[in-house]
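J.: pasting the sequence and the predicted coordinates here, then a few questions.
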Amino acid sequence: MDATMSKTDAFIANVIERRLADPRTDDYAKDCLETFKSVYQDAVDAMKRTEEDVQARNYYKANVDVSAMSIYGDDTEFKKFDNWAQGIASDCLDKITNQSN
């Protein structure tokens, strides 16, 4: 989960922040990017809560929190990142389900 949080933080810094700083990015795109940035930061918070939930053996809450990681994007970089994030979320849900059985 720590690696997932790091990769998400890197995506924010390397893709979103770069596009926000680009003078060619119009106001509409900037608004969208700010929304994505907020969503991805919320996803990192959800991952932190999931780690805490698993450590506390609260698998039901971990399941809810990891589901909050679901993120969507509309261009190639965002779709690629979203596919990766969805795979991580699915893997986490499988592990949480196995722990709770």
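T.: Sure thing, it's come through.
J.: and the helix ranked longest in the chain, what does it pack against?
T.: Criterion DSSP state H: the longest helix present in the chain is helix 27-55. Of the remaining helices and strands, those touching helix 27-55 by 3 or more Cβ pairs under 8 Å, 6 or more residues apart in numbering; DSSP states H and E are helix 2-11, helix 17-21, helix 59-67, helix 76-100. In short, each C-beta sits where N, CA and C put it, glycine included.
J.: would a markdown table of these with distance to Thr50, mean neighbour count and mean pLDDT be doable?
T.: Output for these, formatted as a markdown table (distance: least, Cβ to Cβ, whole Å; neighbours: other Cβ atoms under 10 Å; pLDDT from 0 to 100):
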| stretch | distance to Thr50 | mean neighbour count | mean pLDDT |
| --- | --- | --- | --- |
| helix 2-11 | 10 | 14 | 89 |
| helix 17-21 | 25 | 13 | 96 |
| helix 59-67 | 4 | 18 | 78 |
| helix 76-100 | 7 | 15 | 78 |
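J.: let me have those helices in CSV, adding distance to Asp53 as columns.
T.: Listed next are those as CSV, based on distance: least, Cβ to Cβ, whole Å:
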stretch, distance to Asp53
helix 2-11, 15
helix 17-21, 29
helix 59-67, 4
helix 76-100, 8
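J.: I'd say Leu20 and Lys30 touch.
T.: Yes: using Cβ atoms under 8 Å, Leu20 is in contact with Lys30, at 6.0 Å.
J.: quick check, pLDDT for Asp22.
T.: Note on Asp22: pLDDT of 96.
J.: the one 3 residues further on now?
T.: Per-residue pLDDT puts Thr25 at 92.
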